[in-house]
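*Asks:* Give me a model of this one.
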Amino acid sequence: MPTGPRSLSKMNRNLMERERRSQMKSLFLKLFKLLPPHPTKMSIPEALEHATVYVSQLKKRMEELKQRKVQLEAEHISPQAMTGRAATISPVINITDLDSTVIVDLIAGTDTKFALCDIISILEEEGAQVLTATYHNAGNKVLLSIHSQA
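*Replies:* Just a heads-up that it's a prediction; the model follows:
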């Protein structure tokens with residue numbers, strides 16, 4: 001095997017290409033760890049398409065939540081709030097299905113009686129595994145968000 005300048009140049013190119021591929025593989029693995037689990041093995045192009053769809057869904061979800069936040073903030077400065085009367089808040093539930101992930105958001109008044117364990121039980125009866133549950137008390141509202149995986 002010749003060891004001339006041309007051979008060293010080719011070896012350097014091969015080494016650089018191997019390092020580039022290794023770096024790309026590492027980056028793909030990082031990306032795929034951020035995605036919800038998928039029941040079947042996917043090729044890299046399929047997984048990238050899945051990632052693109054998932055990110056689009058998350059963007060849409062984020063916009064919906066931003067709009068909902070604005071709406072809630074507007075309700076917080078409502079005529080009832082100005083007069084000092086507590087308004088009855090009807091419960092609002094939003095269920096979002098993102099492939100194998102289900103997000104349940106519940107907004108209710110503090111006077112509304114509900115049991116978190118009942119909601120979790122319903123999700124588990126339907127075959128979902130609860131990953132996280134977030135509970136937040138905001139003035140006269142209770143905000144509950146449950147992330148589960150089917």
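*Asks:* just checking, what packs against the top helix by length along the chain?
*Replies:* Selection of the longest helix in the chain by residue count, based on DSSP state H, yields helix 44-76. Applying 3 or more Cβ pairs under 8 Å, 6 or more residues apart in numbering; DSSP states H and E, one finds that helix 44-76 contacts helix 5-34, strand 92-98. Just so you know, the C-beta spots here come from the backbone N, C-alpha and C atoms, and that holds for glycine as well.
*Asks:* Please work out which of the ones you listed is packed deepest.
*Replies:* A comparison of the helices and strands packed on helix 44-76 by mean neighbour count, using mean count of other Cβ atoms under 10 Å, puts strand 92-98 on top with a mean of 13.
*Asks:* pLDDT score for the residue nearest to the spatial centre of the chain?
*Replies:* Compute the mean C-alpha point of the chain, and by Cα atoms, centre = their mean the closest residue is L58, 6.0 Å away. Note for L58: predicted pLDDT of 91.
*Asks:* what's it in contact with, if anything?
*Replies:* Taking Cβ atoms under 8 Å, 6 or more residues apart in numbering, we find L58 in contact with L98.
*Asks:* how near is it to I103?
*Replies:* When Cβ to Cβ, to the nearest Å is the yardstick, L58 and I103 sit 10 Å from each other.
*Asks:* low-confidence ranges in the chain?
*Replies:* Across the chain, residues meeting the criterion (pLDDT under 70) sit at 1-5, 76-87.
*Asks:* just to revisit the earlier point, to A150, which of the helices and strands packed on helix 44-76 lies closest?
*Replies:* Of all the helices and strands packed on helix 44-76, it is strand 92-98 that lies closest to A150, at 8.3 Å by Cβ to Cβ.
*Asks:* helices and strands around the closest one, which ones?
*Replies:* Judged by 3+ Cβ pairs under 8 Å, 6+ apart, strand 92-98 is in contact with helix 44-76, strand 101-109.
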